[in-house]
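Peer 1: Kindly generate the corresponding structure for this input.
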Amino acid sequence: MIIKAQSYRTLELNKEDALNRLQALIKSVAKQPKTRRPTKPTKGSQRRRVDHKTRKGKIKSLRGKVPVG
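Peer 2: This is a model prediction of the structure:
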């Protein structure tokens, strides 16, 4: 891994800056992310989804050929 530091005029300050950034990078990677807990959809949202599907299905069932006669 290469960390480039050219912010300062002196080599010592640039080295210190690079080491500080490396330490910050290592600390940020060392943290474990929170585990995601899966959640269930609410009853209301399930009902709304199914109602919407049935309405769309009824509209689509009306499409089609019109019987002649």
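
Peer 1: so where do the helices sit in the chain?
Peer 2: Using DSSP state H, the helices of the chain run over 11-30, 43-62.

Peer 1: what about this protein, any weak spots by pLDDT?
Peer 2: Within the chain, no range satisfies pLDDT under 70.

Peer 1: if I look at the residue positioned nearest the centre of it, how far off is residue 64?
Peer 2: Central residue of the chain (CA atoms, centre = their mean): residue 36, 11.9 Å from the mean position. For residue 36, the distance to residue 64 equals 44 Å [CB to CB, to the nearest Å]. In short, each C-beta sits where N, CA and C put it, glycine included.

Peer 1: same deal with residue 26?
Peer 2: From residue 26 to residue 64 the distance is 64 Å (CB to CB).

Peer 1: Could you count how many residues lie near residue 48?
Peer 2: By other CB atoms under 10 Å, 12 other residues sit near residue 48.
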